[in-house]
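In: quick one, fold the following:
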Amino acid sequence: MGRRLYVGNLAWTVTDQDLHDAFSEAGKVESSQVIIDRATNRSRGFGFVEMTSDADADTAIKKLNGREIKGRPIRVNEAQARNNNNRSGSQRP
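Out: Numbering: from 1, shown residues only. Here you go, the predicted model:
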């Protein structure tokens, strides 16, 4: 089973295919997605890549963290589980 990686500090012009191509150097990529803001239809500056194996994910983190893509050094680490709290930080009963 593979792992999902968080990719931050993306240039606005980075596409899903750019991520796929870069991460393919580290191993087999299952999926790649740049997160798009619904209101502006513009990149939010981060995305996710799912590698098919744990070994490939480890290689991707070591090889690509800090590498420049389209002029910006990207941050790569293991994605954290999504927290479903509301955005204001207050807790609902």
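
In: quick one, what contacts Gly27?
Out: With contact set as Cβ atoms under 8 Å, 6 or more residues apart in numbering, Gly27 has these partners: 51-53, 55-57, 59-60. (Each C-beta comes from the backbone N, C-alpha and C, glycine too.)

In: one more pass at 6 Å, please.
Out: Gly27 sits next to 51, 56, 59 when contact means Cβ atoms under 6 Å, 6 or more residues apart in numbering.

In: just the residues you listed: which are in helices?
Out: Among the contacts of Gly27, the ones falling in helices (DSSP state H) are 56, 59.

In: mind putting the contacts of Gly27 into a markdown table with pLDDT and distance to Ala81?
Out: As requested, these are exported to a markdown table (pLDDT from 0 to 100; distance: Cβ to Cβ, whole Å):
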| residue | pLDDT | distance to Ala81 |
| --- | --- | --- |
| Met51 | 98 | 17 |
| Asp56 | 97 | 20 |
| Thr59 | 97 | 22 |
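
In: of the contacts of Gly27, closest to Thr15?
Out: Distance to Thr15, by Cβ to Cβ, is smallest for Met51 among the contacts of Gly27, at 18.4 Å.

In: for the closest one, list each beta-bridge partner.
Out: Arg3, Val29 (DSSP bridges).

In: distance of it relative to Ala39?
Out: With distances taken as Cβ to Cβ, to the nearest Å, Met51 is found 30 Å from Ala39.

In: between those two, point out the one with more neighbours.
Out: Set side by side, Met51 and Ala39 show more neighbours around Met51, with 25 against 6, by other Cβ atoms under 10 Å.

In: that one contacts Leu19, correct?
Out: No - counting by Cβ atoms under 6 Å, Met51 sits too far from Leu19 to count as a contact (11.4 Å).

In: list of residues touching stretch 40-48?
Out: So stretch 40-48 is contacted by 4, 7-8, 10, 12, 19, 33-35, 37, 79 (Cβ under 6 Å, 6+ apart).
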